[in-house]
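In: quick check, what structure comes out for this input:
(2 chains)
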Amino acid sequence: METTISERKNTEPILRVEHLKKYYTYGNGFLSHRKTVIKAVDDVSLSLYPGETLAIVGESGCGKSTTAKSIIRITDPTEGTITLHGKDFGKLSGKELKSARQKIKMIFQDPYSALNPRMTVRDIIAEPIDISGSYRTQAEREEKILEACDMVGLNRDYLDRYPHEFSGGQRQRIGIARAIIEKPDVILCDEPVSALDVSIQAKVINLLKELQDKLGVSYIFISHDLSVVRHVADRVMVMYLGHVVEEGSRDDIFNSPKHPYTRILLDSIPSIGKEMPEDEQQLIAGDLPSPENPPSGCCFHTRCPHCSEQCRNTAPALTEVPGQPGHRMACFC
Amino acid sequence: MKKSIALKLDSFGKEIVKVEKPHGYYYESFRIFRKNKVAMISLGILILLILLAIAAPFITSFDPDKQVLSERLLSPGVKGHLFGTDEFGRDIFTRCIYGCRISLSVGIISQLIASVIGYLMGVSAGYFGKKTDDVISFLIQVFSSIPFLLFAMALMYALGSGLMNLYLSLGLLSWANTARLIRGQVLTLKQQEYIQACIVNGGSSARIIFKHLLPNCIPMLIITNTLGIPSAILTEASLSFLGLGVPSPTASWGAMISSAQTYIRTNTYYSLFPGLFIIASVMAFNMLGDGLRDALDPKLHK
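Out: Numbering: from 1, shown residues only, chains lettered A, B, ... in the order given. Sure, this is the predicted structure:
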């Protein structure tokens, strides 16, 4: 799985997202004609290669979940193209969309709300194949369910039970079984472990890695927990206020972070016996600006310790770091 | 799966847990419901009333509509008339139990109609949102701001009296309340991730509405409509009292009270018995509804 950037140039990305934008528009009440536009995701591009894990990190409200939901079209993006297997996934509709959806799945954050409390585990896991109708006999359906069940390490005797009888970790396994039953090529994981106990997190993460080895699936792994990301990701994308501020291989990001925001994020990983530098302590206290009224110029300038006049006026473009192919960041420094 | 308790390995393959045949949501609800004495008594009364309505011809030897003018206005117990007779010599007990057929069917069928309309309206408003929501919410406002009895009278005038029209007009009257509650429920349920999961898997709106939202709304539909039955029974009684319910010779509790009011001083029993039937059925449905509300509350399930 550890392919280098140059090797990857030869393979086609399985999923390519270009200039994805998601704006929410709100009316300001009954008597006002003014509209408030919230730019939740503003110009995000990414490529996902077969068998790799791309992590999207950032603090709450930076648009990482919205990015995933727009890619998989739970909410339709305002602008941008989504190419899955060479097809324009963003423009598909009807039958074509339904069949394309078999190859891209999602694992959700909250295992308590991701499973319908009125359905048995068997019906929950079987939902994707029930919708796509990709079996001919009941025996074939059962076979697929059992296969998915075994792959995620779920006891077969639990199939007739209801979700409320399970713990968070087991529920997440059921959610994963539902995502893999059609053997997709891409799975979007929206903070799949953040609602779980730390001891269970490791088990679920290992399960995801194991499934990647077996099925060759690619993950977009959304998380705010950098220690988890360090463990699973091949490449990392850092988002701030709807923008990508830095992206690169895991080693680039963790060993030589270039963007001030990435450095702050890395410094904020709690660890025992580490002192935080004085000058970076205070700026973490700042709040994320409202996406309703984003700052001019560089989106991060209000909290940046190295902010200059140029940063306030012009937005830096995402450019490659010299000498590190594939490592790109948006900063003038 | 067999219902035995066996020792099995759990999903992590380490801890040993008991595996038992699981019980569904409604089984668990019934277990709680059974412990509620008041609700069980109400259920008993309602089953009794339903049996009376079904078996009416076998319980009494009198014809509910046949006039025997020589036996007018008899007191209870005279000549085998358990509750006495009315001004045309018809047996009041017979007319009361035949009246069960009207009242119970009006209550239940009109609420079934209200459930169907209310669910579809509420779920469309909550699920599709935007313009659909605006239009349906407006309709709900309109329907719930018109005085209930006046509206029922207007509808019965327009449709003409008759049992079918009674079901229909009472159903059309009470959907708004159901729709409002379902809309609220759907707005909450829509945020659940399993709805998003269904979209991700390519599920249609129909699948979401009937497979995911409906089973989660059914407890609410059961409760609101059980509590809606007594008000439908009362409205039917009021309409029949006013002469707008079922056509004349058919026995109905409201119509009986209406014709009994002339004789209320001389023959009190005539109005008392149909009144008691109305009170018994309305109270029983109300208490049953309260019991169901407790039993179907998922917080009380173990």
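In: where in chain B is pLDDT low?
Out: Counting by pLDDT under 70, chain B has low-confidence residues at B:1-23, B:299-302.
In: and the gap between the residue most central in space within it and chain A?
Out: Centrality entry for chain B: nearest residue to the mean C-alpha point is B:Ile229, 3.3 Å, by CA atoms, centre = their mean. Using CB to the nearest CB, to the nearest Å, B:Ile229 is found at 25 Å from chain A. Every C-beta, even on glycine, is put in place using the N, C-alpha and C of the backbone.
In: for that residue, pull up the helix or strand it's in.
Out: Using DSSP states H and E, the element containing B:Ile229 is helix B:214-241.
In: so which elements touch that helix?
Out: In this structure, helix B:214-241 packs against helix B:92-128, helix B:148-159, helix B:163-189, helix B:253-260, helix B:268-295, with contacts taken as 3 or more CB pairs under 8 Å, 6 or more residues apart in numbering or on different chains; DSSP states H and E.
In: go through it and flag the buried ones.
Out: Within helix B:214-241, the residues that qualify as buried by neighbour count (16 or more other CB atoms under 10 Å in any protein chain shown) are B:216-241.
In: quick check: B:Gly275 touching B:Ile257?
Out: Yes - B:Gly275 is within contact range of B:Ile257, at 6.1 Å (criterion: CB atoms under 8 Å).
In: the more surrounded of these two?
Out: B:Ile257 (21 against 15; other CB atoms under 10 Å in any protein chain shown).
In: dump the residue contacts of that one.
Out: B:Ala237, B:Phe241, B:Ser271, B:Pro274, B:Gly275, B:Ile278 (CB atoms under 8 Å, 6 or more residues apart in numbering or on different chains).
In: any stretches of the stretch 151-300 of chain A with poor pLDDT?
Out: Looking at the stretch 151-300 of chain A by pLDDT under 70, you get A:271, A:273-286.
In: taking it, what residue is nearest to chain B?
Out: A:Arg161 (4.4 Å; CB to the nearest CB).
In: give me the phi and psi angles of that residue.
Out: Dihedral pair for A:Arg161: phi -90, psi 170, per degrees, to the nearest 10.
In: ok, and the closest non-adjacent residue to B:Leu170?
Out: B:Ser110 (3.6 Å; CB to CB, 6 or more residues apart in numbering or on different chains).
In: how much space between the one you found and B:Gly118?
Out: To B:Gly118, B:Ser110 is 12 Å away according to CB to CB, to the nearest Å.
In: B:Ile223 too?
Out: 13 Å.
In: tell me how many other residues crowd residue 171.
Out: Went with chain A since none was named. When neighbours are defined as other CB under 10 Å, A:Arg171 has 23 of them.
In: the chain in question should be chain B.
Out: Neighbours of B:Gly171 using other CB under 10 Å come to 22.
In: so what's the nearest residue to it once chain neighbours are set aside up against?
Out: Sequence neighbours aside, B:Ile113 is the residue nearest to B:Gly171 in space, at 2.8 Å (criterion: CB to CB, 6+ apart). Going by CB under 8 Å, 6+ apart, B:Ile113 touches B:Tyr167, B:Leu168, B:Leu170, B:Gly171, B:Leu172, B:Trp175.
In: count the residues that sit near the fifth one.
Out: So that's B:Leu172. 18.
In: for stretch A:310-317, list the C-alpha coordinates in PDB.
Out: Presented in PDB, the C-alpha positions along stretch A:310-317 are these (Å, rounded to 0.1, in the frame of the first residue of the first chain):
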ATOM      1  CA  GLN A 310      -0.300  40.600   2.400                       C
ATOM      2  CA  CYS A 311      -2.200  37.900   4.300                       C
ATOM      3  CA  ARG A 312      -5.100  40.300   5.200                       C
ATOM      4  CA  ASN A 313      -5.600  41.300   1.500                       C
ATOM      5  CA  THR A 314      -4.900  38.400  -0.800                       C
ATOM      6  CA  ALA A 315      -5.700  34.700  -0.400                       C
ATOM      7  CA  PRO A 316      -2.700  32.500  -1.000                       C
ATOM      8  CA  ALA A 317      -3.200  29.700  -3.600                       C
END
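In: distance of A:Ala40 relative to A:Gly326?
Out: 26 Å.
In: with B:Ser231 instead?
Out: According to CB to CB, B:Ser231 and A:Gly326 sit 69 Å apart.
In: what of B:Ile223?
Out: 59 Å.
In: I figured B:Asn216 hits B:Leu189, correct?
Out: Yes - B:Asn216 is within contact range of B:Leu189, at 5.6 Å (criterion: CB under 8 Å).
In: what is in contact with B:Ser110 and B:Gly118 at once?
Out: Joint contacts of B:Ser110 and B:Gly118 (CB under 8 Å, 6+ apart) are B:Ser174.
In: for B:Ser144, give me its contacts.
Out: Contacts of B:Ser144 (CB under 8 Å, 6+ apart): B:Ala176, B:Asn177, B:Arg180.
In: now the residues you listed in TSV, with neighbour count and distance to B:Phe93?
Out: Formatted as TSV, the contacts of B:Ser144 follow (neighbours: other CB atoms under 10 Å in any protein chain shown; distance: CB to CB, whole Å):
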residue	neighbour count	distance to B:Phe93
B:Ala176	23	38
B:Asn177	20	35
B:Arg180	21	41
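In: give me the element the closest residue to A:Ala68 other than its chain neighbours is part of.
Out: Excluding the flanking residues, the one nearest A:Ala68 by CB to CB, 6+ apart is A:Leu188, at 4.6 Å. Assigned by DSSP H and E, A:Leu188 belongs to strand A:186-190.
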